[in-house]
Structure formats: C-alpha cells, structure tokens
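Engineer: What shape does this take:
(2 chains)
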Amino acid sequence: MSASPGVTLGAGRAARKTSAGNLNPFASSRRGRILPWLGIAPGLLLFVVFSLVPAVTVIFLSFTDISGIPGVPWRWIGLDNYTRFFVSGSTTANFAIVSRTLIFAFSVTIILNALALVFAVLLNNRIRGANIYRAIIFMPVVLGVTVVGLIWSLIFNPTGGPAASLWGLFGSSSAFLGDPRLAFSLIIFVQIWMSLGYSMMIYHAGLMAIPSDLYEAAIVDGATVIQRFRHVTIPMIASSTTVNVLISIVGSLQTYQIIFVLTGDRPTTSVLAMQIFSLGFGGSSEQGYAAAISMIQFVLISAITLVALRYLRKKETQL
Amino acid sequence: MTVQDKPRVVRYTLNSGLRGESPVMQHRRRKPITGGRLLNYALVVGLAGLYVFPLLYLLNTALKQPAEFIRDPSGLTPGFALQNFVDAWQKGGFGGLILNSVVYAFVCAGASTALSLLIAFPVARGYVRGSKVIAVLFVLSLFLPNVIITQFQLILQLGLYNSRIGYMLLLTSGLGIGPLLIISYLRSLPKELDEAAAMDGCGYFRYLWTFVVPLCKPVLTTVFILQTIAVWNDIIGATIYLSSPQLKTISQGLFAFHGQNGNNEWALLAAATLIVAAPLILVYLIFQRFFVSGALSGSLK
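Structural biologist: Okay, here's the model as predicted:
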C-alpha cells in the first residue's frame, strides 16, 4: 500500500481479477471488460423487469383492491384481502380449496414418483425396445396441456366414449368429468399420465449411474429382486429421488392448466392456483385479492418445499 | 422367486434378442425368462398401451364422418373421412392461428435461446463480477410466487395489453432453465479455447458466434426446442393477453373450438386436435434425443 500510486493501481486490478477467480482473456482493454456485460444486459433486463420485479411486487398488490380494468381507481386496504380469505369471506370454500390443493399435490407427487421409479427400473431390466417405450411415455410432455386435455375429454366422453364403454361392462355409468365426485380424481390421473415420462427420465438417469458391481455382489450374497431394489437401487438413486420429489411437489402445487382445460374452475375441482387465475381474470377481476392468494400459495409452497428438502436430505445421508 | 434355478434352455431360446451380447455380459446379469420377466414385459407393454391407445383413438375419431361418430362413438372407423381436417381447418380458422403461433414460437424461442447463451457464457466462466449471484437468481426464479397478476398489471401499465410485442416480450423473458442448462453444458468446454482465441485477437462476440455457438449446438437445440414447445402450448398467457382474433394462438384456437363445439362435434374436434399435435409429434420424432438430454440436464442442477 505504501508504494507509488501507479503500482497500487496495478496491484488493485490484479487483486480484483484474482478475487473474481477468473481472468477474462478478452479483457485486455476496457472495451473487452464491458462486452460481456453488454451481452448479459438485454436478457437480464427482460428477466428482471418481467419476472423478478413482478415476483417481488405481488406482496404490495396483495394489500390493495386493484382490479384488472384499466383506469379504475384502487386503494390500499391493508390486510383485508387476507382476512377475507381466512375469516370473513367464504372460508369453508377457501379451506376446501387449500385442502384440495394439498390432496392434489401429495397424491400426484406420491403416485407419480412411485410409478416413475417402478417403471424406470422395469425398463432398465434389459427390455427389448426400452427406448421406444420411454419415448412413447414421454410424448405427453411434448403434446402440451391443451392437446392432452382434449384427448382425455374425448376418452371420458360420457356418451359412448371408451371409458363409458368400460364402465358399461361393469353395469355402471358415469358423467366422468361432469361428475362432481369423480372429476377431481380424473384430473389427478391425467396430471400423472402427463408427467410420468419426465419423472421416469430423471430416475432413468439415476439408474444408469449405478455401477453394476453392486448388483453382482448382491446376487452373490443371494439377495432377491425385492431386496436388491430395496438395498441397492433405492439408496443409490437417492439424489434423483430428491430432485424428482421436489420438482413434483413444487410443480403440482403451482399447476392448474390441466384443470383449466378439463373442467374449468368448478367448486369441486378448484385449487389455489386456479383461484388466482379465475379471480384475477374472471368477470369480477379482483386482482388485489388474487395477489393475496398468490402470497398464501407462495408461503404454502415454501413451507412444504423446505420441510420436504430437509427430510429428503436427511434420508439421503442416512442411506 | 430365485433367479438361478430356472432352466437355461428357456433362457437362451427366449432371449434371442440378446444374441449379440458376449457370454460375459450374460453371466454378469442373469435375466432368464421367468414368470417375473414376463410380468415385467406385460407391465411395460400395458403402460405403453395406456399412452398409445388415446392417440390412436383420437386418430380413429378424426377419421369418422360426424354422423358415424354419433351413431357409434367408440367403434373402428369405417372409412377415412379426410374432409374432417378440411372442415376443422376452415371452421377453426387454423390457417391464421398456425401462422401466429409459428411466428411467436420462432421469434421467442430464438430470442430467448440467444439471450440465454449471452448470459450463460460469461456467468459459467466467471468473467463478470456477480456471476454466482446471477446464476442463483435464475435458480430462485423457479420458486418465486405466482406472477400472473403483477405481470398483467405491468403489461397494462406499459400499454402492451393485446399486442404481439407484449405477449412476445413476456414469453421471451421467461428464460426459465435455459441459462442454467447452458451454464452446466459450458463446464465441459475447455477454457484454454477462450484464451487461445483471445490471444489470436478474436473479439468477444465473434468468439461466441464462431466457436461457442457451434460447440454448444446440442444444448442450444435443446433450449430452443423446449422454448418452442412452451410457446406453442401456452394456453394461459394467450388467454390473458390476446383478445383480438387476429393475434390468437393455435392452442387458444383449439381450446375455443372445443368450447364452441362441445361434445357433439368430436370428429371435427379430434381432427383439429391432430392438426395442432401433428407439428409437435413431428418435431418430437426428429429431435427426440434433444428432449431426453434436456430433461436429464435439467435434473442435474
């Protein structure tokens, strides 16, 4: 520090470069140092303006009675939106929606992961044409929610659709998606059908990384198929399980597109995310209230994700 | 069910598909055709059937005359009523819708792939300060609150409601896992290449364009395809932001077609669904390996 100013400046620059850990070989000139930022700027700006800022400002809108109609005045109303949801509004219906959101998320997560793991293992068993099966099961991920929704509406067509014929074999009949008691289960089924390929792919990647020596050793020790699955496969794919379960939980707590396409917002099929959409963009356009529900949903997702993450990490280290 | 005590003969005759494998491999993992193995096949084929059947049924419905569908909805089609596709195309106005969706998909996916690379390269290399912060921002963005309300207010304030520009800006800004996928791919690209190029006086952007883009082709293709599919299939964003008929997308058109024609016009509706799904299926068949690698690298975050 006691050296001449020129040396200090040079040392400072060197220190800055090492503290960044990486010397940019293109940064021989001032221009060279600016160029990477020039590249980053447009994308980052778009991302910050249209994704990050909206995510942070939801909380402010949740304290207002803003509507989606331009020009209509709005005001701050404090916690009114939250008391409306929990205390003064149609609380019974709201709690039904929260519990339905949880039922949806947990049943999708559990069934989806169990099926995905089992079928990933089955397809790893030297099945002929395994890649073709995987490709077929992955297809709905590509087709998207509108096409998938319409395909299943066609299958569940109550007048003479294949599901109706199947029900008919057992002397029964149903309105399927029109049946308030059945519709939500069918939505869960379609959601699982649609996501299975993706989850399976993640488990498949995990399975590929297991060294086959472990299975040989287990066979030598006389382990049965079930024992090998329990004591070799499960512990070895723990990190894939963590990723998969987290993706499923967060995804299924946020999703409502399949509900939107299959039944629309109905009292018997609605979840929190569906409510946000229909309150914000339905006839009443209560966007302040919808923002409050977004915050409630966010807190719920964060809490469940953190608990799940802690539990899964603990399991991972135990195994 | 023990593995060892089944007769070998059965195994060799039924395992003929594995003839190419060395005896060592066969010894390593004994998988004789047993009851368990048949069950394994049965389950897998059954599951695949659960995916193939709905698509075939859709095709079958699309090929029926509307009157035939009403008479016998689930039976096999007696002929090929290709007229359904023409009728659906005209009734649903799919020509204009497809054009809109193609423009949205290519512009948005192209722009967001390019922007993702421009962010990912210096961040992966640590060439800018705050690289870690930027990477963390993108990971966090996957867990942030639902933004549809605030995004709508923003677009309203900017006067971009019901405009192509507004809709495309939103879809482009949803970079999602794009930068993350490219960052993880770039780790396999040697840094010495950057140094050599810089030494030879190659400029930053020219280096990105002439070296990094060709070397990152697989991951860039994956990101591009994932974005294209996301735009093509977007139903909520289009419903919220696009109200003029001339701006609407194909998914929106298909959904509206369902709303108008309900459960009575399934022959036409099935044809319409196939019109929307056909490009996706085609892209999927051609680029299948990129989908798989995309799904996998997404899981390695």
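Engineer: Now do the contacts for the closest residue to B:Val107 other than its chain neighbours.
Structural biologist: Leaving aside its chain neighbours, B:Val107 sits nearest to B:Met168 (5.8 Å; criterion: C-beta to C-beta, 6 or more residues apart in numbering or on different chains). Placement of C-beta: from N, CA and C, glycine included. Contact analysis of B:Met168 by C-beta atoms under 8 Å, 6 or more residues apart in numbering or on different chains lists B:Tyr104, B:Val107, B:Cys108, B:Ala111.
Engineer: among these, who's most crowded?
Structural biologist: Ranked by the number of neighbours (other C-beta atoms under 10 Å in any protein chain shown), these place B:Tyr104 first, at 25 neighbours.
Engineer: Quick check: that one touching B:Tyr167?
Structural biologist: Yes - contact criterion C-beta atoms under 8 Å: B:Tyr104 and B:Tyr167 qualify, at 7.0 Å.
Engineer: What is the burial count for B:Gly49?
Structural biologist: Using other C-beta under 10 Å, B:Gly49 is surrounded by 12 other residues.
Engineer: that older thread, the contacts of B:Met168 into a markdown table, with extra columns for pLDDT and secondary structure?
Structural biologist: Converted to a markdown table, the contacts of B:Met168 look like this (pLDDT from 0 to 100; DSSP: H, G, I helix; E, B strand; the rest coil):
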| residue | pLDDT | secondary structure |
| --- | --- | --- |
| B:Tyr104 | 95 | helix |
| B:Val107 | 95 | helix |
| B:Cys108 | 94 | helix |
| B:Ala111 | 95 | helix |
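Engineer: from those, which is closest to B:Glu265?
Structural biologist: B:Tyr104 (27.0 Å; C-beta to C-beta).
Engineer: tell me, how many neighbours does A:Ser90 end up with?
Structural biologist: By other C-beta under 10 Å, 12 other residues sit near A:Ser90.
Engineer: what sits against B:Leu269?
Structural biologist: A:Leu150, A:Leu154, B:Ala88, B:Phe257, B:His258, B:Asn261.
Engineer: try it again with 10 Å
Structural biologist: B:Leu269 makes contacts with A:150, A:153-154, B:58, B:61-62, B:66, B:69, B:84, B:88, B:91-92, B:254, B:257-258, B:260-263, as judged by C-beta atoms under 10 Å, 6 or more residues apart in numbering or on different chains.
Engineer: of those residues, buried ones?
Structural biologist: Buried subset of the contacts of B:Leu269 (neighbour count, 16 or more other C-beta atoms under 10 Å in any protein chain shown): A:150, A:153-154, B:58, B:61-62, B:66, B:69, B:84, B:88, B:91-92, B:254, B:257-258, B:261, B:263.
Engineer: on that earlier part again, now do the shared contacts for B:Tyr104 and B:Tyr167.
Structural biologist: Listed as contacting both B:Tyr104 and B:Tyr167 by C-beta under 10 Å, 6+ apart are B:Val231, B:Asp234, B:Gly237, B:Ala238, B:Leu242, B:Leu247, B:Thr249.
Engineer: May I have the residues that are in contact with the fourth one?
Structural biologist: In other words, B:Ala238. Applying C-beta under 10 Å, 6+ apart to B:Ala238 gives the contacts A:146, B:100-101, B:104, B:167, B:171, B:231, B:247-253, B:255.
Engineer: how about low-confidence regions in the stretch 51-200 of chain B?
Structural biologist: Within the stretch 51-200 of chain B, not a single segment meets pLDDT under 70.
Engineer: Not including adjacent chain positions, what is the nearest residue to the spatially most central residue of chain A?
Structural biologist: Centroid-nearest residue in chain A: A:Gly251, 1.6 Å away (criterion: C-alpha atoms, centre = their mean). Leaving aside its sequence neighbours, A:Gly251 sits nearest to A:Ser195 (C-beta to C-beta, 6+ apart; 7.5 Å).
Engineer: looking at this, the one you found is in a strand?
Structural biologist: No - residue state for A:Ser195 (DSSP: H, G, I helix; E, B strand; the rest coil) corresponds to helix; a strand is not indicated.
Engineer: gap between the residue nearest to B:Asn146 when sequence neighbours are not counted and B:Ser112?
Structural biologist: Counting by C-beta to C-beta, 6+ apart, B:Asn146 lies nearest to A:Ser294, which is 4.2 Å off, once chain neighbours are set aside. Distance of A:Ser294 to B:Ser112, computed by C-beta to C-beta, to the nearest Å: 24 Å.
Engineer: got it, and A:Val145?
Structural biologist: In terms of C-beta to C-beta, A:Val145 sits 20 Å off from B:Ser112.
Engineer: The two: who's more crowded?
Structural biologist: Neighbour tally, A:Val145 and B:Ser112, criterion other C-beta under 10 Å: the higher count belongs to B:Ser112, 29 against 25.
Engineer: Let me know the next secondary structure element after the helix or strand hosting that one.
Structural biologist: Per DSSP states H and E: B:Ser112 is located in helix B:94-125. Using DSSP H and E, the helix or strand that follows helix B:94-125 in sequence is helix B:131-140.
Engineer: contacts for that next one?
Structural biologist: For helix B:131-140, contacts defined as C-beta under 10 Å, 6+ apart pick out A:20-22, A:36, A:40, A:43-44, A:47-48, A:51-52, A:55, B:116, B:119-120, B:122-126, B:128, B:130, B:144, B:175-180, B:183, B:301.
Engineer: List the contacts of B:Leu160.
Structural biologist: For B:Leu160, the contact set (C-beta under 10 Å, 6+ apart) comprises B:Leu154, B:Gly166, B:Tyr167, B:Met168, B:Leu169, B:Leu170, B:Tyr241.
Engineer: what's the neighbour count on the residue in the stretch 201-319 of chain A that chain B sits nearest to?
Structural biologist: Residue nearest to chain B within the stretch 201-319 of chain A: A:Phe298 (3.7 Å; C-beta to the nearest C-beta). For A:Phe298, the neighbour count with other C-beta under 10 Å is 21.
Engineer: which residues touch it?
Structural biologist: A:Ala55, A:Val58, A:Ile59, A:Ser62, A:Leu253, A:Gln254, A:Leu272, B:Phe143, B:Leu144, B:Pro145, B:Asn146.
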